[in-house]
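Asker: pasting the structure only:
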């Protein structure tokens, strides 16, 4: 069985280690831990990860966060993967830092990347893992906050939250979205 896990982020050194790139960060660390490497492909960077007989295609779209839909649609089609085997990882301003929320479907919640994916796939029916980045910014500084680096306090907690994301990815591929939600949404 094949799964597509797309971590949202922006390509370019200036975006490394920013809140908006948490999707890239989660997949980069999973690849490093698993001894696999990303390679440049059409619309992004791809790595293939195996877990308990499942093939998990890791995708970092190179189309920037707000235009991720084309890359995801391309790789779903190219790999013949159904939307029920798609997991999108995105940052979420509405959740406190480190809060993880897995959902089997839903709206974009104000996230431009999710909005684009919904438009391109013509469906809200795909799993998404939202990683809370908090909303500790002054009015008018949202872009700077989202594209800003993690604070020292956030960095201290980041690794353990990313580790839970890896567990969620593996559970999604082996147990399905509903069981994974029950196991992880309150952790």
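Answerer: Nice, I can see it. Predicted model only: the values in this text are computed from it and were never measured.
Asker: now residue 6: which helix or strand?
Answerer: Per DSSP states H and E: residue 6 is located in strand 2-7.
Asker: tell me which other helices or strands the helix or strand just after that strand touches.
Answerer: Toward the C-terminal end, the helix or strand that comes next after strand 2-7 (DSSP H and E) is helix 22-34. Counting contacts by 3 or more Cβ pairs under 8 Å, 6 or more residues apart in numbering; DSSP states H and E, the secondary-structure elements packed against helix 22-34 are strand 2-7, strand 44-51, strand 54-61, strand 86-92, strand 127-132, helix 152-175. Heads up, the C-betas are built off the backbone N, CA and C, glycines and all.
Asker: re earlier: what comes up buried for the strand holding residue 6?
Answerer: By 16 or more other Cβ atoms under 10 Å, the buried positions in strand 2-7 come out as 3, 4, 5, 6, 7.
Asker: for the most centrally placed residue in the chain, give me its contacts.
Answerer: Geometric centre of the chain, nearest residue: residue 89, 1.7 Å, by Cα atoms, centre = their mean. Listed by Cβ atoms under 8 Å, 6 or more residues apart in numbering, the contact partners of residue 89 are 5, 6, 7, 8, 22, 23, 26, 27, 128, 129, 131, 165.
Asker: do you know how far residue 49 is from residue 110?
Answerer: 30 Å (Cβ to Cβ, to the nearest Å).
Asker: neighbour count: those two, which is higher?
Answerer: In this comparison of residue 49 against residue 110, neighbours counted by other Cβ atoms under 10 Å, the higher total goes to residue 49 at 22 against 10.
Asker: ok now do that one, which residues does it touch?
Answerer: Contacts for residue 49 were tallied using Cβ under 8 Å, 6+ apart; they are 30, 31, 34, 36, 55, 56, 57, 58.
Asker: hmm, 6 Å instead?
Answerer: By Cβ atoms under 6 Å, 6 or more residues apart in numbering, the contact set of residue 49 is 34, 36, 56, 58.
Asker: give me the buried entries from those.
Answerer: In those, burial by neighbour count holds for 34, 56, 58, counting by 16+ other Cβ under 10 Å.
Asker: quick one: residue 70 and residue 57, what's the gap?
Answerer: For residue 70, the distance to residue 57 equals 16 Å [Cβ to Cβ].
Asker: more neighbours: which of these two?
Answerer: residue 57 (20 against 16).
Asker: which residues does the closest residue to the more buried one other than its chain neighbours bridge with?
Answerer: What sits nearest to residue 57 in space, not counting adjacent residues and going by Cβ to Cβ, 6 or more residues apart in numbering, is residue 4, at 4.9 Å. Residue 4 forms beta bridges with residue 57, residue 86, as assigned by DSSP bridges.
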